[in-house]
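1. next one to model:
(chains A and B)
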Amino acid sequence: MTIFIDLIGSWVVRVAMISAMLGIMLTMNEAVYTTAQYANTKAALENVTEILSTDMNMAGNNVSGGVFYRINLGNVFFLGDLNDSGPVEQVNYYTEYNPRTRLYALYRWVDRENFGRRLLLGKNFREVRFEYYDSEGVRVYSGHERDVVSVRVKLTMEVSGVSSNQGISSVMSDVWIYPANL
Amino acid sequence: MGSSSKVILVGATTLIVGAYGISLKKAESTGLQAAVSRVTRVQQERLEDAALRTALHEFVADAGLRDKSGTRKGLGGATFAYNVQSGAAPKLSVTITEVGGGEVTLSAHLRKLGPGEEVGRGPRKIHRGEWIVTKVFVKRQKAEKNNFK
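-> Residues are numbered from 1 along each chain as shown, chains lettered A, B, ... in the order given. Predicted coordinates for the structure are as follows:
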C-alpha cells in the first residue's frame, strides 16, 4: 500500500514540476514577444523621426521666399535644398487613413508636383500630428505659414500583435524640430 | 523521482529561463538604443550650434576682415575644427569629430546685416554683432551611433 502511495506521490510531483516548467516557458515566451515587438516599434518610430527631423532641419536651405505652405495637422509641405546641390526640393509629409485597420499610413514625398518618388514611412500610426509655432511659441495655422519657425511632431505607432491587456500597445514620439535655416 | 532526474529538471529549467532572459535583454537594448538615438540627435544639434557660434565669434572679433581657423573641444569630448573664409561672401565650415569616429560637416554662409535690418527670429538663428549665419547645411557620417560618452 505504501508503495502505491509513494508512486502516486512521485507522479503528482513530476506532473506539477513539468506543468510549472511549461507555465514558465509560456509566460517567458509571451514576455519576450511583447518586449521585442515594443522595442522594434520604438526603433521603427525613431527611424521615422530621424528621417523627418533630418528633412525638416533643411527647411529653408537655399530658399529665398516662404518655406512652409499648405500646412495642417496631418499634412506639411515645405521647401529646402535637402542635399545642398542648388535646386530646392519640395518636401511633403502626408497621411492616408485606412478605415479597415483604423490606422494612418505616413508618406514622405519629395518633388510631388514633379512626380517625384514617394516613400512609405509606416502604415500603423494611430496618430500623426504636425503643429506649427512662431518665434514666440504661439501656434500658427494655415494662412500664416511665413511665421513658422518650429514644428512639433507627434507620432503614435501601434505595436503590432500586442493588445492593450498584454502590455503597452502603442509607442509615442513627441519631438520639436527647430530648423536651423529659419 | 531519482536525484539524477531532479538535477536534469533543475538544469533544464535554468537553461530555459536563462535563454529567455538573454532574449529579453536583447529586446530591451533595442528599445534603449532608440531612446539614446534621440538624445544623441539633440546633443548633436546643440554642438553644431555651439561650433557655429564659436567660429562666428572668432571671425567677428577681427571685424570680419581676416580668414580664421582653429580647433576646440566640445561637448562630451568631441572636437571641432572651424574655418572661415573672409571676402565679399564669407563662408564658414566646421568639422565635428565625435568620440568614436563619427563626423559631422557643417557648411554655412555669413552675411553682414544691412542698415536697419533685423536678425531673423528663429530659435536657432545664429548672429554676433552685425553678422549673421544665413544658411547652414549639415552632413552627417556614422551619425547613427551614439558616439558621445
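2. wait, what's in contact with the residue nearest the centre of chain A?
-> Centroid check for chain A by C-alpha atoms, centre = their mean gives A:Leu45 as the closest residue, at 3.4 Å. A:Leu45 is in contact with A:Gly122, A:Leu155, A:Met157, A:Val171, A:Ser173, B:Ala34, counting by C-beta atoms under 8 Å, 6 or more residues apart in numbering or on different chains. Heads up, the C-betas are built off the backbone N, CA and C, glycines and all.
3. quick one: the helix or strand of chain A with the lowest mean pLDDT to chain centroid distance?
-> Here the helix or strand of chain A ranked lowest by mean pLDDT, DSSP states H and E is helix A:2-57, holding a mean of 89. Relative to the chain's own centre, helix A:2-57 is displaced by 24 Å; criterion: C-alpha atoms, centre = their mean, to the nearest Å.
4. look up how far chain B lies from A:Leu26.
-> 11 Å (C-beta to the nearest C-beta, to the nearest Å).
5. just to check, A:Arg129 is in contact with A:Asn72?
-> No. With contact defined as C-beta atoms under 8 Å, A:Arg129 does not reach A:Asn72; the gap is 10.0 Å.
6. from the contacts of A:Leu45, which land in helices?
-> Counting by DSSP state H, the part of the contacts of A:Leu45 found in helices is B:Ala34.
7. export the contacts of A:Leu45 as JSON lines, with columns for distance to A:Phe4 and neighbour count.
-> Shown next, in JSON lines, are these (distance: C-beta to C-beta, whole Å; neighbours: other C-beta atoms under 10 Å in any protein chain shown):
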{"residue": "A:Gly122", "distance to A:Phe4": "63", "neighbour count": "19"}
{"residue": "A:Leu155", "distance to A:Phe4": "65", "neighbour count": "23"}
{"residue": "A:Met157", "distance to A:Phe4": "60", "neighbour count": "24"}
{"residue": "A:Val171", "distance to A:Phe4": "57", "neighbour count": "23"}
{"residue": "A:Ser173", "distance to A:Phe4": "64", "neighbour count": "17"}
{"residue": "B:Ala34", "distance to A:Phe4": "59", "neighbour count": "21"}
